[in-house]
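A.B. asks: Structure for the following, please:
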Amino acid sequence: MATLKDLKKLTIERFEQMIEIFPLDQIAEIVDEWGFDQVNKGYAVFDYDGTGMLGIEAINDVDAFDGDDEATRQAIRDGIKIIPVEELPDKFPHKWLGWIDTPENRENIEKYTRRYE
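C.D. replies: Now for the predicted structure:
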């Protein structure tokens with residue numbers, strides 16, 4: 001388990017935010033589960049329901065954002081390229097900002113969308 005000394009790897013901002021909500025032992029558990037980089041970011045790239053479509057989601061355990069939209073805005077500021085909503089396929093049933101913009105992800109979204117044609 002992460003020790004108090006290990007928790008110094010958290011950014012000051014993240015540590016201060018989390019210590020207001022969680023006891024130290026719970027912060028250590030969250031860090032053990034997610035790792036320092038992802039806890040510091042407060043979001044991660046997730047595979048949507050095992051579809052291969054990758055999107056940004058807030059890590060609820062960290063409680064850094066008021067939802068995935070806010071986490072996505074931070075990811076964009078961090079330099080992660082996101083597909084603009086208007087570029088998602090017309091019949092794609094999950095039109096929201098947060099899908100990672102890579103050729104592979106665009107292809108997976110197209111494949112998924114074909115189910116709805």
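
A.B. asks: When you work out contacts or count neighbours from here on, use the C-alpha atoms and nothing else.
C.D. replies: Fine.

A.B. asks: What's the local residue count around residue 9?
C.D. replies: When neighbours are counted by other Cα atoms under 10 Å, residue 9 registers 13.

A.B. asks: Assess the claim that it and residue 36 are in contact.
C.D. replies: Yes. With contact defined as Cα atoms under 8 Å, residue 9 and residue 36 form a contacting pair (6.7 Å).

A.B. asks: Now do the strands in this structure.
C.D. replies: 43-47, 54-58 (DSSP state E).

A.B. asks: How is the chain partitioned into domains?
C.D. replies: Following automatic domain parsing, the chain resolves into domains at 1-41, 43-117.

A.B. asks: where does the closest residue to residue 48 other than its chain neighbours land on pLDDT?
C.D. replies: Distance criterion Cα to Cα, 6 or more residues apart in numbering; nearest residue to residue 48, sequence neighbours excluded, is residue 54 at 6.1 Å. Here, the pLDDT recorded for residue 54 equals 98.

A.B. asks: again, but for the one 3 residues further on
C.D. replies: Among the per-residue scores, residue 57 holds a pLDDT of 97.

A.B. asks: quick one on the thing from earlier: with mean neighbour count added, can I get the strands of the chain in TSV?
C.D. replies: Below are those laid out as TSV (neighbours: other Cα atoms under 10 Å):
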stretch	mean neighbour count
strand 43-47	19
strand 54-58	24
